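Trainee: Sequence and predicted structure, then a few things I'm wondering about:
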Amino acid sequence: MPGEHWPPLSPLQTGLRGRCPRCGQGRMFASFLTLKPKCENCGLDYGFADPADGPAFFVMMFICIPAVAFPLWLELTYDPPVWVHLVTTLPLILLFCIPPLQPLKGWLVASQYFHKAEEGRIARGPMLPAGDAADRATAPTSLHPRGPAP
């Protein structure tokens, strides 16, 4: 399949469904949050993917915090016994916080592929011609525009 052209696919459409970001057909996950080594359809190696803690962060910030508002309201309004929280709050938080992890991880992986994200590198300055290096050796070392301090 080398040299084969793949049209760009939306990271939202492929990632949220857990599909390969290149072909849109193969499944991305071997288990709930474990990526397969490569796509079974097009052979894309998922070694580039590193969503790190991104899915957990998004779930905590956008889902867990509002999901905790209910138990706080319940506690402050009715002051129920602990067993009421175990029966209502725990299932609510688990129901709202765990299922979005896989689609969010898929979206982050697909976004990394789509935007060609890779590990950061330190930029090197342009190579100076030989004459510039000699001029720089004799230049004042101070950053002040009038030269070195007396």
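Mentor: That came through fine. Numbering: from 1, shown residues only.
Trainee: State the distance from the most centrally placed residue in the chain to residue 66.
Mentor: In the chain, the residue lying closest to the centroid (C-alpha atoms, centre = their mean) is residue 51, at 3.9 Å. Distance from residue 51 to residue 66, counting by C-beta to C-beta, to the nearest Å: 22 Å. C-beta here means a position set from N, CA and C on the backbone, and glycine is covered the same way.
Trainee: next one: residue 88
Mentor: Separation of residue 88 from residue 66 (C-beta to C-beta) stands at 15 Å.
Trainee: of these two, who's got more company?
Mentor: residue 88 (14 against 10; other C-beta atoms under 10 Å).
Trainee: List the residues that contact that one.
Mentor: Counting by C-beta atoms under 8 Å, 6 or more residues apart in numbering, residue 88 touches 70, 71, 74.
Trainee: Which of these fall within strands?
Mentor: Of the contacts of residue 88, none are assigned to strands by DSSP state E.
Trainee: pLDDT, distance to residue 98 and neighbour count added to the residues you listed, as TSV?
Mentor: As requested, those are exported to TSV (pLDDT from 0 to 100; distance: C-beta to C-beta, whole Å; neighbours: other C-beta atoms under 10 Å):
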residue	pLDDT	distance to residue 98	neighbour count
70	90	16	14
71	91	17	17
74	93	21	16
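Trainee: Just the ones in helices from those, please.
Mentor: Judged by DSSP state H, the contacts of residue 88 include 70, 71, 74 as members of helices.
Trainee: which residues touch the second one?
Mentor: Same thing as residue 71. By C-beta under 8 Å, 6+ apart, residue 71 lies in contact with 85, 88, 89, 92, 93.
Trainee: one more time with 10 Å
Mentor: Going by C-beta atoms under 10 Å, 6 or more residues apart in numbering, residue 71 touches 80, 84, 85, 88, 89, 90, 92, 93.
Trainee: same deal with the first one?
Mentor: Contacts were defined as C-beta under 10 Å, 6+ apart; by that measure residue 70 touches 88, 89, 92, 93, 96.
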